[in-house]
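S.K.: Sequence unavailable; structure follows:
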């Protein structure tokens, strides 16, 4: 029962877990980035918050 | 005992095996055509949202690839080209491949909807459904027309890219769809002419197996003729222009000449030079599609830099 010995298998698993971790971290960064862009460009998000505030509407004409 | 469980197939796949399930080479083509569809659209998309959208479209395409590899593992096992894939070689279990494909489908469609719009996400969902269910599960083993109808799955990405920017469908995106859709049969059948043995071994009803090579050569010519007007039509739409028209005319003449040469070629001549002309036509077909989209991108960049030909007639659309 030599559990403490590192098998080649454990190394492979560790590597796979590292990759999965990186992908998940990348996903978090992605969602954060998308959120930031949407908040920065989405002027109307606050405009429709609770009640319409015409002062926040972008004048187009 | 530990070692025994560890060596069960599919229990300990490498990360790279799951990546291979996404069919990275198909994915790169999807990325390119989806990006082209997005960038040639008349509406500007924030670069980060464009990047994220293309990524999610690519993941969706990968998901359908994984579902295809799960379903087709029995075919892949007997074909030389595919027997080293993760599922037939036992590195990933069929069930893992299925769950991987299903989850990635859900994530990619959901995220594309949140990033871009739900019309584009719906198109992506339909594409995954079309490739995994209509093509892989239903048509591929049933009819030699599998390639013709299955080609639609590969033709959707530029339409999805266009929908990311515009939120809809228009004549331009339908023409981009048509370009890939009609291009697919001559492209694959020219491959099938010299990869025939693999398909007949696997029992996939490819046209050269069911109707013979003579008929396949004729069908390649017919579809090449049908394909010829699509590029020039695009040239006179709002995303075309003189550069694109020139590229398209050159490529279509080469393609038609190549298809004619394939049609006139007797089978023994093809066998004696190991299908050299067929292989060349297959390579030409890759350039044909790639350069058409490069042409569209050139026209788009000319428009963005306002180096536009105002006099160019936009008769289509």
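M.R.: Received it, and whenever you're ready, just let me know what you need. Since the structure is predicted, the reported quantities are computational estimates derived from the model, not experimental observations.

S.K.: For residue B:109, see how far away residue B:102 is.
M.R.: To residue B:109, residue B:102 is 11 Å away according to C-beta to C-beta, to the nearest Å. C-beta here means a position set from N, CA and C on the backbone, and glycine is covered the same way.

S.K.: Which of the helices and strands in chain A ranks last by mean pLDDT?
M.R.: One helix or strand of chain A scores below all others by mean pLDDT, DSSP states H and E: helix A:44-47, with a mean of 53.

S.K.: Can you list the residue ranges for strands in chain B?
M.R.: Read by DSSP state E, chain B holds no strands at all.

S.K.: Contact residues of it facing chain A?
M.R.: Contact residues (C-beta under 8 Å from any C-beta of the partner chain) of chain B with chain A: B:6, B:12-15, B:46, B:48-49, B:52, B:55, B:114-115.

S.K.: Kindly state the pLDDT recorded for the residue lying closest to residue B:160 once chain neighbours are set aside?
M.R.: Nearest-residue entry for residue B:160: residue B:123, 4.8 Å, with adjacent residues in sequence omitted and distances by C-beta to C-beta, 6 or more residues apart in numbering or on different chains. As predicted, residue B:123 sits at a pLDDT of 97.

S.K.: What strand or helix carries whichever residue of chain A sits closest to chain B?
M.R.: Closest approach of chain A to chain B (C-beta to the nearest C-beta) occurs at residue A:19, with a separation of 3.9 Å. Assessed by DSSP states H and E, residue A:19 sits inside helix A:8-41.

S.K.: helices or strands next to that helix in the packing?
M.R.: Helix A:8-41 is packed against helix B:15-21, helix B:47-71, with contacts defined by 3 or more C-beta pairs under 8 Å, 6 or more residues apart in numbering or on different chains; DSSP states H and E.

S.K.: Try it again at 6 Å.
M.R.: Helix A:8-41 makes packing contacts with helix B:47-71 when contacts are defined by 3 or more C-beta pairs under 6 Å, 6 or more residues apart in numbering or on different chains; DSSP states H and E.

S.K.: Can you name the residue of chain B that approaches chain A most closely?
M.R.: Residue nearest to chain A within chain B: residue B:15 (3.9 Å; C-beta to the nearest C-beta).

S.K.: Identify the residues contacting that residue.
M.R.: Residue B:15 makes contact with A:16, A:19, according to C-beta atoms under 6 Å, 6 or more residues apart in numbering or on different chains.

S.K.: Look up the pLDDT of it for me, please.
M.R.: For residue B:15, pLDDT reads 86.

S.K.: Could you check how far it is from residue A:16?
M.R.: Taken as C-beta to C-beta, the span from residue B:15 to residue A:16 is 5 Å.

S.K.: The nearest residue to residue B:140 once chain neighbours are set aside: neighbouring residues, count only.
M.R.: Once flanking residues are discounted, residue B:140 sits nearest to residue B:146: 4.7 Å by C-beta to C-beta, 6+ apart. Neighbours of residue B:146 under the rule other C-beta atoms under 10 Å in any protein chain shown: 21.
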